[in-house]
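Undergrad: Got a predicted structure plus its sequence, pasted below:
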Amino acid sequence: MLEPGPDATIGQVIPDYELLRCIGRGAYGEVWLAQSKATGALRAAKVVWRRAFEDERPFQREFEGIQRFERISREHPSQLALFHIGRNDTEGYFYYVMELADDANAKDATPAIDSRVESYTARTLRNDLNQGRLAAHKVLEIGLSLTEALGHLHRHGLVHRDVKPSNVIFVSGRPKLADIGLVTDATDQCSIVGTEGYLPPEGPGTPQGDIFALGRVLYEAVTGLDRREFPRLPQDLRSWPDASVVFELNEVILTACAPDSRIRYASIEPMLADLQRLQAGDSVKRNRIAQKYFAVAKKALLVLGATGILATTAVLLLRKLDPSDPYPDGLRSTNLVADSLCEKALAVIREDNYVQFPDAYTNFQEAIKYDPYFARPYVGLLEMAVRDPPPHMETAVLRKIVAARLRELAPDLGATAVAQSVLYFYALDFPNARRYAEQAIAESPKYEFGHTWYAYILTRWGRPGEALRQLDISRKLAPSKAIIYRTMGHAYYARRDFVSATNYYQQAINLDPRHSLDFVFIGRAQRALGDYERSMSSQETADLLSFTNQVRIKNHYLKLRQAYESNGPKGYWQEAWRYYEGQTNGWYFKATIQIRLGNADQAFDWLDKSFTFREGVGWNPPLNDFLFDECWDSVREDRRSKRLLAEVGFTKVMPIRRE
């Protein structure tokens, strides 16, 4: 029988591997430097002996823990990958083969090679700390890696139970949690393990216990003090070159190691968020102060029964307490697959790759499946739903779903307020649309789409000057987004500066040549300038991009061109009326044709029908454009026009005089 001990000859303990040298021992077994017989790759192999346990059940639990961990070990780069596990009940042991830690004696962060077999020593965090404390930025990197690792374990219902410097190894320079034989189900209260000084008051074996231990590890790493000295800080700390970062890290450590578990991080995600905040150059301390002020202010506003304007003003003032906003569209997921899918989809819509919008929509949905509590995919879906309907989804339904989920997952996010503003705007509730748009900017001033959305609705309310001020901010945050230049075109269109509008719409086309809306609006601006020929070319391109019946579209524009050549603009609009007259909807568009033909009475009849039957409300009511469209300028003083402005709600948000 194989016997554990320094003189043991293991022989063929693990199939397909040659065990070269014992490189570590513990209470339950040994870790060996092993070499694959097939590839020659060096690995670490642990052999765990049954005789080291008092009875069968703890031994079985350890093996079951390894089995559970093996299934997730290669899903995320933060985990120590397992390549093979096995068991020999005859000889009384189980084993597992895993990634090999970097060689502590090597000059670079590469795994050991054959020439180092005799001198190899695994690089652990304890090895590094024996040389003294680590620089704060390095501790931050280690903290981010280990919180990601614990997050992955915890989301799968597992806990580590013994986080400490000697159990943190480096693989290709990346810190990972070792001694994975201690990993077990979070509900397992039968086996108590851990190391004194890293154990929370309530004991190990829970996600919060892992958080506590990780906090103590970071304390040792950044201060150079023993974990038992927590929470003392070095007397000369203020003279350190990285003192400011150390103090910020200490804010995280104090929360992670709070003796009262009610004060401690409830889960690993908010700890990861705080570390990510520090990595982005933000202040955890200032953010917490701001949160306290927000909480107090919200209570005060509820007591006062504050109006929407007062509430917005209060939020704006409080925001100044912490003007930095590194995550304007929500925190990233600790699930690597979900985060990757979301980032890929966001890049598609924010880089205006319009033809890939269907793929982006699919990736957002897949990201949500991997992490149902991930808010950022819903932010992406919001921006997509406002720009263009995704495949197989009615836009109004998607907007409602997105708004509801963002309220649940990220109630204080600027994008959440934008989602509410979108719903109200398309429901023709303009005051609430404005209130939420202003709230979005107050809550996430670095969220570009919040400024761009507010600018868009301002162009519909006759406020192009205000819109351009918002768009100046948008361009600083995202200099090359087509939707920003399209909205700038809207602002100049609303000013009746059609030349400038045409120039900005063309810039949008240059950035996003497959999006039909840019061609729609440049065509409208060209037509307003009297250039019907170019307008028809632009409008035809828009329809060819949007619809599949290419022959019908080409025939329609052929007739429009012939009518224009025969009878100028009047012939053009007469032909347009012949085309749309028999259609059962499109009342607002019919009204715009009649006003251009000089038939004001018929035009207002169609407008009344559009309003009475709530045309497009909840999706995209065309009456939103009543102030924006230049064709109505000649009848602005008509009583019917003024009545409609009041009934639709424009008078609640439009300026007294057109800007």
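TA: Happy to help now that I have it.
Undergrad: pretty sure G582 belongs to a helix, no?
TA: No: assessed with DSSP: H, G, I helix; E, B strand; the rest coil, G582 is coil; it does not lie in a helix.
Undergrad: what sits against it?
TA: Listed by CB atoms under 8 Å, 6 or more residues apart in numbering, G582 has no contact partners. C-beta: built from backbone N, CA, C; applies to glycine.
Undergrad: Walk me through the domains of the chain.
TA: Here the domain parsing of the chain from automatic domain parsing is 17-121, 126-281, 286-319, 325-444, 447-520, 532-652.
Undergrad: now the fourth one: mean pLDDT?
TA: Computed over domain 325-444, the mean pLDDT rounds to 87.
Undergrad: One more: the last one?
TA: Here domain 532-652 scores 94 as its mean pLDDT.
Undergrad: can you give me the end-to-end distance of that domain?
TA: For domain 532-652, the first-to-last residue distance is 35 Å (CA to CA, to the nearest Å).
Undergrad: what about it, distance to the chain center?
TA: 39 Å (CA atoms, centre = their mean, to the nearest Å).
Undergrad: Grab the nearest non-local neighbour of Q550.
TA: Nearest residue to Q550, sequence neighbours excluded (CB to CB, 6 or more residues apart in numbering): L544, at 6.2 Å.
Undergrad: Likewise for Q562?
TA: Distance criterion CB to CB, 6+ apart; nearest residue to Q562, sequence neighbours excluded, is E575 at 7.9 Å.
Undergrad: For the one you found, give me its contacts.
TA: 559-560, 562-564.
Undergrad: which stretches of the stretch 201-350 of the chain have low pLDDT?
TA: 285-327 (pLDDT under 70).
Undergrad: which residues of it fall in strands?
TA: Here the stretch 201-350 of the chain has no strands by DSSP state E, counting those that start in this stretch.
Undergrad: What helices and strands are in contact with the helix or strand encompassing Y492?
TA: Y492 is part of helix 482-494, with elements assigned from DSSP states H and E. Under the contact criterion of 3 or more CB pairs under 8 Å, 6 or more residues apart in numbering; DSSP states H and E, helix 482-494 touches helix 448-460, helix 464-477, helix 498-511, helix 516-528.
Undergrad: Single out the most deeply packed of those helices.
TA: Of the helices and strands packed on helix 482-494, the one with the most neighbours on average (mean count of other CB atoms under 10 Å) is helix 448-460, at a mean of 27.
Undergrad: Now do the contacts for the residue nearest the centre of the chain.
TA: What sits nearest the mean C-alpha location of the chain, by CA atoms, centre = their mean, is R376, with 3.1 Å. Going by CB under 8 Å, 6+ apart, R376 touches 329-333, 342, 346, 367.
Undergrad: got JSON lines for these, with distance to A41 and neighbour count too?
TA: Formatted as JSON lines, these follow (distance: CB to CB, whole Å; neighbours: other CB atoms under 10 Å):
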{"residue": "D329", "distance to A41": "41", "neighbour count": "26"}
{"residue": "G330", "distance to A41": "40", "neighbour count": "23"}
{"residue": "L331", "distance to A41": "37", "neighbour count": "19"}
{"residue": "R332", "distance to A41": "33", "neighbour count": "18"}
{"residue": "S333", "distance to A41": "32", "neighbour count": "26"}
{"residue": "C342", "distance to A41": "34", "neighbour count": "30"}
{"residue": "L346", "distance to A41": "37", "neighbour count": "21"}
{"residue": "A367", "distance to A41": "34", "neighbour count": "27"}
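Undergrad: which among the residues you listed gets closest to R232?
TA: Using CB to CB, L331 comes nearest to R232 of those, at 31.8 Å.
Undergrad: Skipping its backbone neighbours, what lies nearest the closest one in space?
TA: That would be A273: by CB to CB, 6+ apart, it lies 5.2 Å from L331.
Undergrad: and the one you found, how many neighbours?
TA: 17 (other CB atoms under 10 Å).
Undergrad: E99 versus that one, what's the distance?
TA: Relative to E99, A273 is positioned 28 Å away (CB to CB, to the nearest Å).
Undergrad: Pick out the most distant pair among the contacts of E575.
TA: Among those, K559 and Y564 lie farthest apart (CB to CB), at 9.6 Å.
Undergrad: So for the two, which residue has more residues nearby?
TA: Y564 (19 against 15).
Undergrad: got a list of what the more buried one touches?
TA: By CB under 8 Å, 6+ apart, the neighbours of Y564 are 532-533, 536, 571-572, 575.
Undergrad: That one - nearest residue in space that isn't next to it in sequence?
TA: Once flanking residues are discounted, Y564 sits nearest to Y572: 4.4 Å by CB to CB, 6+ apart.
Undergrad: That neighbour against S566, yeah?
TA: No: here Y572 does not reach S566: they are 9.6 Å apart, not a contact under CB atoms under 8 Å.
Undergrad: So those two - more neighbours on which side?
TA: Neighbour totals were compared for Y572 and S566, and Y572 leads with 24 against 12 (other CB under 10 Å).
Undergrad: can you pull out the helices in the stretch 51-200 of the chain?
TA: All helices of the stretch 51-200 of the chain, identified by DSSP state H, counting those that start in this stretch, fall at 56-72, 125-129, 136-155.
Undergrad: right, so those: which one is the most enclosed?
TA: Most buried of the helices of the stretch 51-200 of the chain, by mean neighbour count (mean count of other CB under 10 Å): helix 136-155, with a mean of 22.
Undergrad: Send me it as CSV with only the CA atoms.
TA: Provided in CSV are the C-alpha atoms of helix 136-155 (Å, rounded to 0.1, in the frame of the first residue of the first chain):
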residue,chain,number,x,y,z
ALA,A,136,-0.9,49.7,-3.1
HIS,A,137,-1.6,49.4,-6.8
LYS,A,138,-0.3,45.8,-6.7
VAL,A,139,-2.6,45.0,-3.8
LEU,A,140,-5.5,46.5,-5.7
GLU,A,141,-4.8,44.2,-8.6
ILE,A,142,-4.6,41.2,-6.3
GLY,A,143,-7.8,42.2,-4.6
LEU,A,144,-9.6,42.5,-7.9
SER,A,145,-8.4,39.1,-9.0
LEU,A,146,-9.4,37.4,-5.8
THR,A,147,-12.8,39.1,-5.5
GLU,A,148,-13.5,37.9,-9.0
ALA,A,149,-12.4,34.4,-8.0
LEU,A,150,-14.6,34.3,-4.9
GLY,A,151,-17.5,35.8,-6.9
HIS,A,152,-17.4,32.9,-9.3
LEU,A,153,-17.3,30.4,-6.5
HIS,A,154,-20.1,32.0,-4.6
ARG,A,155,-22.4,32.3,-7.6
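Undergrad: Farthest-apart pair in the contacts of Y564, please.
TA: So, the contacts of Y564 by CB to CB: farthest apart are E533 and E575, at 14.6 Å.
Undergrad: for the stretch 1-150 of the chain, which spans come out with low pLDDT?
TA: 1-12, 107-116.
Undergrad: What segments of it are strands?
TA: For the stretch 1-150 of the chain, the strands defined by DSSP E, counting those that start in this stretch cover 17-25, 29-36, 42-49, 82-88, 93-98.
Undergrad: on that earlier part again, nearest to G616, out of the helices and strands packed on helix 482-494?
TA: helix 448-460 (13.6 Å).
Undergrad: Just list what that closest one packs against, helices and strands only.
TA: Applying 3+ CB pairs under 8 Å, 6+ apart, we find helix 448-460 packed against helix 376-387, helix 414-426, helix 430-443, helix 464-477, helix 482-494.
Undergrad: please redo it, this time with the cut-off set to 10 Å
TA: Contact analysis of helix 448-460 by 3 or more CB pairs under 10 Å, 6 or more residues apart in numbering; DSSP states H and E lists helix 336-350, helix 376-387, helix 414-426, helix 430-443, helix 464-477, helix 482-494 as its packing neighbours.
Undergrad: thinking again about what came up before, so the residue nearest to L331 sits right up against T334, yeah?
TA: Yes: under the criterion of CB atoms under 10 Å, A273 is in contact with T334, at a separation of 9.3 Å.
Undergrad: Now list whatever residues contact both of those two.
TA: Residues touching both A273 and T334 (CB atoms under 10 Å, 6 or more residues apart in numbering) are T147.
Undergrad: Next, the contact list for the spatially closest residue to F63 that is not a sequence neighbour, please.
TA: Closest residue to F63 apart from its sequence neighbours, by CB to CB, 6+ apart: F94 at 4.9 Å. F94 is in contact with 29, 46-50, 59-60, 62-63, 66-67, 85-88, 181, counting by CB under 10 Å, 6+ apart.
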